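K.L.:
When you get a sec, could you give me coordinates for this:
(2 chains)
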Amino acid sequence: MDIFFQQIINGLVQGSVYALVALGYTMVYGILGLINFAHGEVVMIGAMVALAALQALLAAAFAPVLAVLLSLLIAVAACMALGYSIERIAYRPLRNAPRLAPLITAIGMSIVLQNLAMMIWGREYHSFNLPFTSNSHHLGGAVMNDVQIGIVVVALVIMAGLMWLVHHTRTGRAMRAVAENPAAATLMGVDINRVISVTFMLGSALAAIAGFMVSANYGIVHYYMGFMLGLKAFTAAVLGGIGNLRGAMLGGVLLGLIESLGAGYIGDITGGFLGSHYQDVFAFFVLIAVLVFRPSGLLGEKLAERA
Amino acid sequence: MTATPLLEVQDLKVSYGGIQALKGISLSIAQGELVTLIGSNGAGKTTTLKALAGLLHPTSGKLHYQEQSLLHIPAHQRVANGISLVPEGRGIFARLTVEENLLMGAYVRSDKAETAADLERQYVLFPRLAERRAQLAGTLSGGEQQMVAMARALMSHPTLLMLDEPSMGLAPLMVEKIFETIRDISAQGVTILLVEQNAKLALEAAQRGYVLESGAITLSGAASELLGSDAVQRAYLGA
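P.N.:
Sure, this is the predicted structure:
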């Protein structure tokens, strides 16, 4: 039972990260019908920038807590600028092109960003240590540390904030209107390009926060870390129903739990034949299962429906 | 018409995909007029409205509104200038509530108190919408959706309101109601350009009319004259 609770906690923590990243995929898909495959790389660059900023701030003798908060803010700002630029440079010129063109461009953008990060930060793993100790807390037989609690709490607050923004502000209303019918939104006086830019910037801000979280949790960053994380968050978005915000959050948490429980028990189930390093298999098993049995996802509508 | 017209279109040409949809049309609308553009399917009526709203870009011609050229003003800014189009098929946001749809109409306005007052005004004009303000617009009937589309356009305080086939697909009773509302809006001083397939109803409501055939204007004049003309009678009124 202890393992069970521990895996639930691990799953919730990882799921919170997936949910934040999945929101970025789903928001862009909702508005442009585009899978932004470069989104995982935005997460990675968020982590890299946060690490660089954190080290610089600590070297400049900033107080640890202040340094952490500032580095997070810097990463968010950098990723928002990056997300905005990706859309302007790579996707906007292809707005009216056949759908395959922006998709291939997205994959290309992902490779470009990976290599750019490799040139700047090198191929090696960098350790990402927070400048304070993360105390562990025993909950029953399971353990949860400060960082993990922080991840879940911050993710919840951010998701609540995003839902509020989308459903109760003028900008959010415009985002939903553009997602449903861009031409009609234009006739309301909405500058579609502006809404699309805002969407990319919001998604990238969430990606930066997720990048910070996952690095703080594992204590490591690497130029390739965005690839697998992005793919899994995309899976989470598909699981929840791509284009659906609640779906992305649900899919993220569910995928985190499935992965974590799967990794925890795969050894027992297969009699030790497969170990927990097969964790990644579960995400893609889920992806295939969803695509075969429920392509619209858990909360999604008909896939064909896009205004 | 001695005063400068509110809208002046000269030799407007629009083509898409190599096909010339408008072959140089000219028309003008004075402040406060209700003008109708009639014609059969594919004559270019919707193309004309889209070009005026900025959704399509003319290949040549002049487009003057309040004595200024519209050609380089993007569609979303034309709304702020007072040009509002209720598109064919209504273009309502099905997954937004009725009230959210109306608030989208006020997107270009920043005066909150006035907007709230305007919202109430629409609910007086369309009591049906007041009952359904919290309902998703996609769940309404076609007639109610047309009301949403019109109320939403009015929320932007248009100077020039363009309506594309407001009666399309509606039951006769609802069509009458919509036309009654169009007359009301016109009586309030809003300039209206009405595109309709139902030529009889449109000409009865309008002061002047234009007849569009295969991308060119073939007839124009007072609505009552057009209503009585043999050509219109034969082509559009089935007489």
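K.L.:
can you pull the buried residues of the helix or strand bottoming out on mean pLDDT in chain B?
P.N.:
In chain B, no helix or strand scores lower on mean pLDDT, DSSP states H and E than helix B:230-236, which sits at a mean of 80. Neighbour-count burial for helix B:230-236, counted by 16 or more other Cβ atoms under 10 Å in any protein chain shown, picks out B:232, B:235-236. Where you see a C-beta, it was placed from the backbone N, CA and C, and this is true even at glycine.
K.L.:
Just list what it packs against, helices and strands only.
P.N.:
helix B:199-205, strand B:208-213, strand B:216-222 (3 or more Cβ pairs under 8 Å, 6 or more residues apart in numbering or on different chains; DSSP states H and E).
K.L.:
Which neighbouring elements make contact with the last one?
P.N.:
In terms of contact count using 3+ Cβ pairs under 8 Å, 6+ apart, strand B:216-222 is assigned the packing partners strand B:19-29, strand B:208-213, helix B:230-236.
K.L.:
Could I get the buried residue list for the helix or strand following that strand?
P.N.:
Next helix or strand after strand B:216-222 toward the C-terminus (DSSP states H and E): helix B:223-228. Residues of helix B:223-228 classed as buried by neighbour count (16+ other Cβ under 10 Å): B:223, B:226-227.
K.L.:
again, but for stretch A:45-64
P.N.:
For stretch A:45-64, burial by neighbour count (16+ other Cβ under 10 Å) applies to A:45-55, A:57-58, A:62.
K.L.:
Make a markdown table out of those residues and add distance to B:Ala130, secondary structure and pLDDT.
P.N.:
Formatted as a markdown table, the buried residues of stretch A:45-64 follow (distance: Cβ to Cβ, whole Å; DSSP: H, G, I helix; E, B strand; the rest coil; pLDDT from 0 to 100):
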| residue | distance to B:Ala130 | secondary structure | pLDDT |
| --- | --- | --- | --- |
| A:Ile45 | 50 | helix | 98 |
| A:Gly46 | 47 | helix | 98 |
| A:Ala47 | 51 | helix | 98 |
| A:Met48 | 54 | helix | 98 |
| A:Val49 | 51 | helix | 98 |
| A:Ala50 | 51 | helix | 98 |
| A:Leu51 | 56 | helix | 97 |
| A:Ala52 | 56 | helix | 97 |
| A:Ala53 | 53 | helix | 97 |
| A:Leu54 | 55 | helix | 97 |
| A:Gln55 | 60 | helix | 96 |
| A:Leu57 | 56 | helix | 97 |
| A:Leu58 | 60 | helix | 95 |
| A:Phe62 | 57 | coil | 93 |
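K.L.:
ok, which of these also contact chain B?
P.N.:
Here nothing survives when the buried residues of stretch A:45-64 are matched to chain B using Cβ under 8 Å from any Cβ of the partner chain.
K.L.:
quick check, nearest of these to A:Val190?
P.N.:
Minimum distance to A:Val190 across the buried residues of stretch A:45-64 is 28.7 Å, recorded for A:Gly46 (Cβ to Cβ).
K.L.:
check contacts around that closest one.
P.N.:
Counting by Cβ atoms under 8 Å, 6 or more residues apart in numbering or on different chains, A:Gly46 touches A:75-76, A:78-79, A:204, A:207-212.
K.L.:
Could you dump those into TSV and include secondary structure and neighbour count?
P.N.:
As requested, these are exported to TSV (DSSP: H, G, I helix; E, B strand; the rest coil; neighbours: other Cβ atoms under 10 Å in any protein chain shown):
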residue	secondary structure	neighbour count
A:Ala75	helix	27
A:Val76	helix	22
A:Ala78	helix	20
A:Cys79	helix	30
A:Ser204	helix	31
A:Ala207	helix	34
A:Ala208	helix	30
A:Ile209	helix	24
A:Ala210	helix	32
A:Gly211	helix	34
A:Phe212	helix	29
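K.L.:
Just give me the closest of the buried residues of helix B:230-236 to B:Glu100.
P.N.:
Nearest to B:Glu100 among the buried residues of helix B:230-236, with distances taken as Cβ to Cβ, is B:Tyr236, at 37.9 Å.
K.L.:
What residues sit buried inside stretch A:150-166?
P.N.:
Using 16+ other Cβ under 10 Å as the test for burial, stretch A:150-166 gives A:150-152, A:154-155, A:158-159, A:162, A:166.
K.L.:
What is the end-to-end distance of stretch B:91-110?
P.N.:
23 Å (Cα to Cα, to the nearest Å).
K.L.:
So for that stretch, mean pLDDT?
P.N.:
Averaged over stretch B:91-110, pLDDT sits at 95.
K.L.:
who's in contact with that stretch?
P.N.:
So stretch B:91-110 is contacted by A:170, A:173-174, A:176-177, A:180-181, A:183-185, A:187-190, B:79-80, B:115, B:118-119, B:122, B:129, B:132-138, B:140, B:145, B:148-149, B:151-157 (Cβ under 8 Å, 6+ apart).
K.L.:
Filter those down to the ones in helices?
P.N.:
Within the contacts of stretch B:91-110, residues falling in helices by DSSP state H are A:170, A:173-174, A:176-177, A:180, A:183-185, A:187, B:79-80, B:115, B:118-119, B:122, B:129, B:145, B:148-149, B:151-154.
K.L.:
Pull out the buried members of those residues.
P.N.:
For these, buried by 16+ other Cβ under 10 Å: A:173-174, A:176-177, A:180, A:183-185, A:187, B:79, B:115, B:118-119, B:122, B:129, B:145, B:148-149, B:151-154.
K.L.:
At the contact with chain A, which residues of chain B appear?
P.N.:
Residues of chain B lying near chain A (Cβ under 8 Å from any Cβ): B:53-55, B:74-77, B:79-80, B:84-85, B:87, B:91-96, B:100, B:103-105, B:107-108, B:152, B:156.
K.L.:
One more pass at 7 Å, please.
P.N.:
Neighbours of chain A within chain B, by Cβ under 7 Å from any Cβ of the partner chain: B:53, B:55, B:75-76, B:79-80, B:85, B:87, B:91, B:93-96, B:100, B:103-105, B:107-108, B:156.
K.L.:
Can you select the buried ones from these in ChimeraX?
P.N.:
Buried residues within the residues of chain B next to chain A, by 16+ other Cβ under 10 Å, are selected in ChimeraX with:
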select /B:53,55,75,76,79,85,87,91,93,94,95,96,100,103,104,105,107,108,156
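K.L.:
burial measure for residue 73, as a count.
P.N.:
In the absence of a named chain, chain A is used. Using other Cβ atoms under 10 Å in any protein chain shown, A:Leu73 has 13 neighbouring residues.
K.L.:
try chain B instead
P.N.:
Neighbours of B:Ile73 (other Cβ under 10 Å): 16.
K.L.:
where's it relative to B:Leu237, distance?
P.N.:
Counting by Cβ to Cβ, to the nearest Å, the separation of B:Ile73 from B:Leu237 is 37 Å.
K.L.:
quick check, nearest of the contacts of A:Gly46 to B:Arg208?
P.N.:
Nearest to B:Arg208 among these is A:Ser204, at 52.8 Å by Cβ to Cβ.
K.L.:
number of nearby residues for the closest residue to that closest one other than its chain neighbours?
P.N.:
Once flanking residues are discounted, A:Ser204 sits nearest to A:Gly83: 2.9 Å by Cβ to Cβ, 6 or more residues apart in numbering or on different chains. Using other Cβ under 10 Å, A:Gly83 is surrounded by 28 other residues.
K.L.:
In a helix, A:Gly83, correct?
P.N.:
Yes. Note on A:Gly83: a helix contains this position according to DSSP: H, G, I helix; E, B strand; the rest coil.
K.L.:
any idea which helix is longest in chain A?
P.N.:
Longest helix in chain A, counting by DSSP H: helix A:2-32.
K.L.:
what's the answer for chain B, then?
P.N.:
Ranked by residue count, the top helix of chain B under DSSP H comes out as helix B:172-187.
K.L.:
name the helices or strands packed onto that one?
P.N.:
Applying 3 or more Cβ pairs under 7 Å, 6 or more residues apart in numbering or on different chains; DSSP states H and E, we find helix B:172-187 packed against helix B:142-154, strand B:191-196, helix B:199-205.
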